[in-house]
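S.K.: Curious how this folds, go ahead:
(2 chains)
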2 protein chains.
Amino acid sequence: VDLVAALVASVGPEHVLTDADRRAPYEVDWTRRWSGPALAVVRPGTTDEVAAVVGACRDAGVAIVPQGGNTGLVGGSVPRPRGDQVVLSTARLSSVGAVDAEAGQVMVGAGATLEAAQAAARGAGFEVGVDLAARGSATVGGMVATNAGGIHVVRNGTMRARVAGLEAVLPDGSVVTRLAGLAKDTAGYDLTGLLVGSEGTLGVVTRVLLSLVPRPVDRITVALGLGSLADAVAVVGRLARRLPGLEAAEVCFADGYDLVSRALGVAAPLPGNPPVTVVVDVGAWSPAAAGVLVDEVAAVLADCPEVLDSAVGTDEPTRARLWEARERHAEAVATVGIPHKLDVAVPLRRLAAFEAAARARVAEVAPGSTTVVWGHVGDGNLHVNVVGPAPDDERVDAAVLALAAAHGGTIAAEHGIGVAKRDHLALTRSPAEIAAMATVKHALDPAGIMNPGVVLPAPPGLFFEL
Amino acid sequence: VDLVAALVASVGPEHVLTDADRRAPYEVDWTRRWSGPALAVVRPGTTDEVAAVVGACRDAGVAIVPQGGNTGLVGGSVPRPRGDQVVLSTARLSSVGAVDAEAGQVMVGAGATLEAAQAAARGAGFEVGVDLAARGSATVGGMVATNAGGIHVVRNGTMRARVAGLEAVLPDGSVVTRLAGLAKDTAGYDLTGLLVGSEGTLGVVTRVLLSLVPRPVDRITVALGLGSLADAVAVVGRLARRLPGLEAAEVCFADGYDLVSRALGVAAPLPGNPPVTVVVDVGAWSPAAAGVLVDEVAAVLADCPEVLDSAVGTDEPTRARLWEARERHAEAVATVGIPHKLDVAVPLRRLAAFEAAARARVAEVAPGSTTVVWGHVGDGNLHVNVVGPAPDDERVDAAVLALAAAHGGTIAAEHGIGVAKRDHLALTRSPAEIAAMATVKHALDPAGIMNPGVVLPAPPGLFFEL
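M.R.: Below you'll find the model as predicted:
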C-alpha cells in the first residue's frame, strides 16, 4: 500500500506495525468493549514525524486514531471495526523535561505517563495536581485530550487548568506550538483550551507544558459520617469555603462499603458505617500551617451539626486505612460482575435528588441489579455502577444518562464522550451547541481524518460508522 | 433604513439610539484613540433580544460591535470610522442573581459591572477573584470577552478560570447556553473557553455564571526591597510555592516610586526606596490560619537572602500605605504626558533580561522619553509606560512588542489585541496559529458580521478597514 510506504518513510520501518500480533495491543481498549483492526499502527518519535504521519494519512484520505495509554473507557482511542484507520501511538513521545521550579512547570511529551510526570514533579517539590488510578499507563497527552479529572479537581481543577501550554499537529499537518507558559496571554483565541477535551478529533497533542502545584509539607485525612447525601453536599461546601487546603472530598455509601467489606474484607472507615461517608484530604504548605491544621478542620466541623461521627488520620497508616475502602470500590464491584459504569455530574444543589432518583430508576429498568455509587462530591460527580444487565443491554445506561441530563447535569463528567456516548450527546448539549461544535470540527478537519465518529458523528458516507 | 426598523421591532424604539448626541458616548473609547460613528446603538434587554438584533444585522449584512463598559484599551469595543456598524450595548443586561453559596457561584448579566458582582459576592462571604481599577464601569461580559487579568491572577487565574459557565449569541443568531456550572464536564468541545478572550468576534456573551472564591478572614501586606528584578522573580517564586494564600505580587521600580513621590507626594513603601520593590498580599481563611500568617511569611522570608528590607502591614491603614504608591503609578505617569502603554508578558526566567532590554531599546528609539515600568511579577506581566513620543508615533510600541516576542513572550498579556495590536499579532502567534484562528472565525461567522477587524484582519473587501 502506498500509505504504508509513506508511513515507513515518515517514521522508519520499525515503527510502522502492520503485523497482526504487533498491532493487537493497540486495537482493543481497556474495557474490551471497543475494538477494531488497524490498517497500521504508527509510532512517531518526534513532532515532525507526527506531522509527517498526519500529512501522509491526509494525502491518502485515511483516518487517524490518536492513542496514548489506551486507558479510556468510552472507545475513543481504538479503531472502528472496518479496519481502514491508522492508529497513531504517542508512546515514543515520552520525554520528561527538567522541572522549572521558578515557574512551577515541566515539559513532557504527550506519551509520558502520568506516573513519570508525577515522579519528576515530586522530585522538585511539586505535584502534577491531577491523579487517577490508571497513572502507570495513562499518558499526559491522553489526559489532555480527554480533560481528565480525578480526585483533586476540587482544589486543582481538571487537566485543562493544569495545561500551561501545548503543542499539537492539526488535521492539515500544521504544528501549533504554545509553550511559553504565560499566566496571562490575550493574543487571540484559546486554541490550547479548544484542543483540551477534544478527544483527538481536532489534532494530535505532541507536547504538554504542565502547570504544577506545590507539594504540601503535611496532609491529614478526615472521614465524616453523615445521614444523607444532601448533608454531605452542605458540609463539603462549608469545608471548601473555609479550608483552602482541601484537596479531595470523596463520597461513599453504606451499601458500597458493605460490599467492599464482604468482597475484600476491608472495613468501612467509620464504626457503624453510617448512611453516607465523606473522606477528605486537607494539606498544609508550611510548618506553621501544618501545626494548626487539625485545629482548623475541627473549627469548621464544630459548625457542622450534620456530622454524626468523624475520624482523623494524621499519620500515613491511619490515612491509608481511612482511604482504603473508598479506593477499592471498583475492585469490589468487579467481584459481582461486569458493571455498567456511568460517569455523570449534576449541579450540587440537585445532587442528592439525582442520586435518589437514579437508584429508583435503575431498580425499575433493571430489577434485581446491584447498584453501587461513589464519587467526587465536591465536583457533583457520581459514578453509578450497575451490575446485572448484560454488557450490551444499554437500557440502564440510557436511563441514568437521561436522568442526569434532566437534573441539569452532564452525561460525561470525566470520562469523555468517545463513541460510547456519542449518540447520547443531545441529552446534554443543545442543537445550537452541537451545531457549533460540528462547525468547528469540519472547519479544522474538512476531510474528517482526525478520529472521525468520536464525540460527534462523522459526516455520512465519508467513513464507515459503527 | 430597513435595519433600523428591524432593530426597533427587536428591542423597542427607546433602545435604538440613532441620534448623534445619544450615540456619542458609545462611539469613542476610554483612551480617546479609537472612535467612529455608529449606524445605530442598540440596547437589548434580554438574550432573546440580543439574538433578534444579531439576526437583523445578519440579514442586513451589517456588522456588530459588542460593547460592555467600554473600558478597553485596544479599540475593540467602538465602531470603525466608516460608520456602517451597529453597536450592541450590553448595558441593560445588568442583572445580578443571588449567590449560590454551596456551589460558590453567582449568575450575572453580561452588562453587570464588576463592582456590582463584587458587592453580591462579598455579601455572601466570597470574592469575584478578579479585580481591576475600572471596576465601576467594566462589565463582566466585557471582562469575559477579553479574558481580563489584574492583580489576583497569581492565585485565582484570569477571568477564564472564574467562568463556571456562560450564555452567548453566536453570529448565526443561535443561543449557546452552558450554565450548569459543573466542575467536570467532558461532553464535547469547550465552547465556553473559546468565547472567553475572543473579544466579541465569535459571539455576544449575554449571561455569565461566575465561579467565586471564598473571602479570606484576614490578609496581610508585605513590601519587600530587592536589588534586582531577577531577585524579585526568585523570591516571588518561593513565596508562591510555600504560601498558598498568596493573592497578589506586584513589582515597582525606584524610578517609578520617585515619580509618584514627586508628582503626587506619596512616598515609596520602604525607606530608602530600593531598586526594586515587591508588594504582596497573603490571605488566611480561618482564624487558626490567620494566627500563624505572619510567622508563616517570616519563615519563608528567612530563606530569602535576596530581601534587603521589608515592611509588614497587618492593619488596614498600614496595608493601604504599603499599596498606595503602587496603585498611583498610572496617575503619576499621566502627569508627565500621554503614555504609550505596553502590556506584555514573558516567561519568568526571561523577565529580568526583557526589562533591561526594553529600557535600553526605548532609550534608543525614543531618546529623552520617560519610561515607567510596573507589573504583576508572579504572572511575568509588565506594563511598560513610555511618555515622550507623540501618541501616533508607534515606533516605540513596535519596538517593545517585538522585544517581548523575541523573549518568548506575548504582545498582549491582559489587554487583548483589539484593533490596536492586530497588525502585530504575527509577532507572537505563528502562521499556523493565525490560520487556525481564522479558520474558526470564518467557520462560525462566515459573513464576518461579528466585530470584524478585531483580533484578526477582516476578509478583504467585506468591510472597510481602518
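S.K.: Would you state the helices of the stretch 51-200 of chain A in chain order?
M.R.: A:114-123, A:140-145, A:153-156, A:159-162, A:191-195 (DSSP state H, counting those that start in this stretch).
S.K.: winner for burial among these?
M.R.: Each of those was scored by mean neighbour count; the highest is helix A:140-145, a mean of 30, by mean count of other C-beta atoms under 10 Å in any protein chain shown. Every C-beta, even on glycine, is put in place using the N, C-alpha and C of the backbone.
S.K.: helices and strands around that helix, which ones?
M.R.: Applying 3 or more C-beta pairs under 8 Å, 6 or more residues apart in numbering or on different chains; DSSP states H and E, one finds that helix A:140-145 contacts strand A:63-67, strand A:105-109, helix A:114-123, strand A:204-211.
S.K.: hmm, the second one in reach of chain B?
M.R.: No - contact of strand A:105-109 with chain B (C-beta under 8 Å from any C-beta of the partner chain) is absent, the minimum separation being 9.0 Å.
S.K.: Just the buried positions in that strand, please.
M.R.: A:Gln105, A:Val106, A:Met107, A:Val108, A:Gly109 (16 or more other C-beta atoms under 10 Å in any protein chain shown).
S.K.: Now do it against helix A:114-123, angle only.
M.R.: Counting by axes from the mean of the first three to the mean of the last three C-alpha atoms, to 10 degrees, strand A:105-109 lies at 150 degrees to helix A:114-123.
S.K.: Provide a list of residues in contact with the residue nearest the centre of chain A.
M.R.: Note on chain A: the residue nearest the mean C-alpha position is A:Ala148, at 3.0 Å, using C-alpha atoms, centre = their mean. By C-beta atoms under 8 Å, 6 or more residues apart in numbering or on different chains, the contact set of A:Ala148 is A:Val130, A:Leu132, A:Ala138, A:Gly142, A:Thr158, A:Met159, A:Glu414.
S.K.: quick one: it from A:Glu199, how far?
M.R.: Applying C-beta to C-beta, to the nearest Å, the value for A:Ala148 to A:Glu199 is 11 Å.
S.K.: A:Pro25 - how many residues pack around it?
M.R.: For A:Pro25, the count of nearby residues is 11 (other C-beta atoms under 10 Å in any protein chain shown).
S.K.: sorry, back to before: just the closest of the buried residues of strand A:105-109 to A:Asp303, please.
M.R.: Distance to A:Asp303, by C-beta to C-beta, is smallest for A:Gln105 among the buried residues of strand A:105-109, at 37.9 Å.
S.K.: OK, contacts around the closest one?
M.R.: A:Gln105 makes contacts with A:Val99, A:Ala164, A:Gly181, A:Leu209, A:Leu210, A:Ser211, A:Leu212, as judged by C-beta under 8 Å, 6+ apart.
S.K.: Could you find the closest non-adjacent residue to the first one?
M.R.: So the one you mean is A:Val99. Distances taken as C-beta to C-beta, 6 or more residues apart in numbering or on different chains place A:Ala124 nearest to A:Val99, at 3.7 Å, with adjacent residues excluded.
S.K.: Need the phi and psi values for that neighbour.
M.R.: A:Ala124 adopts backbone torsions of phi -110, psi 10, taken as degrees, to the nearest 10.
S.K.: Near it, how many other residues are there?
M.R.: A:Ala124: 16 surrounding residues under other C-beta under 10 Å.
S.K.: Distance of it relative to A:Gln118?
M.R.: Per C-beta to C-beta, A:Ala124 is found 11 Å from A:Gln118.
S.K.: any idea how far A:Ala436 is from chain B?
M.R.: The gap separating A:Ala436 from chain B is 6 Å, by C-beta to the nearest C-beta, to the nearest Å.
S.K.: Check that residue and give its pLDDT.
M.R.: Turning to A:Ala436, the model gives it a pLDDT of 97.
S.K.: what's the answer for the one 10 residues further on, then?
M.R.: In the prediction, the pLDDT value recorded for A:Pro446 is 96.
S.K.: could you dump the helices of the stretch 51-200 of chain A to a markdown table with mean pLDDT?
M.R.: Below are the helices of the stretch 51-200 of chain A laid out as a markdown table (pLDDT from 0 to 100):
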| stretch | mean pLDDT |
| --- | --- |
| helix A:114-123 | 98 |
| helix A:140-145 | 98 |
| helix A:153-156 | 97 |
| helix A:159-162 | 98 |
| helix A:191-195 | 98 |
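S.K.: Just give the number of residues close to the residue of chain A found nearest chain B.
M.R.: Nearest to chain B, among the residues of chain A, is A:Ala443, at 3.3 Å (C-beta to the nearest C-beta). Residues lying near A:Ala443 (other C-beta under 10 Å) number 18.
S.K.: part of a helix, is it?
M.R.: Yes - counting by DSSP: H, G, I helix; E, B strand; the rest coil, A:Ala443 falls inside a helix.
S.K.: Look up the closest residue to it, ignoring the ones flanking it.
M.R.: B:Ala443 (3.3 Å).
S.K.: A:Thr113 too?
M.R.: Among residues not flanking A:Thr113 along the chain, A:Thr139 sits closest, at 5.8 Å (C-beta to C-beta, 6+ apart).
S.K.: Quick one, grab the pLDDT at the one you found.
M.R.: pLDDT for A:Thr139: 98.
S.K.: got it, and A:Thr31?
M.R.: Per-residue confidence (pLDDT) for A:Thr31: 83.
S.K.: quick one: A:Ala52 and A:Ser10 touch, right?
M.R.: Yes - the pair A:Ala52 / A:Ser10 is scored as a contact, 3.7 Å apart, by C-beta atoms under 8 Å.
S.K.: quick one: common contacting residues for these two?
M.R.: With C-beta under 8 Å, 6+ apart, A:Ala52 and A:Ser10 have common neighbours A:Pro44.
S.K.: and the end-to-end length of stretch A:354-374?
M.R.: One end of stretch A:354-374 to the other measures 13 Å (C-alpha to C-alpha, to the nearest Å).
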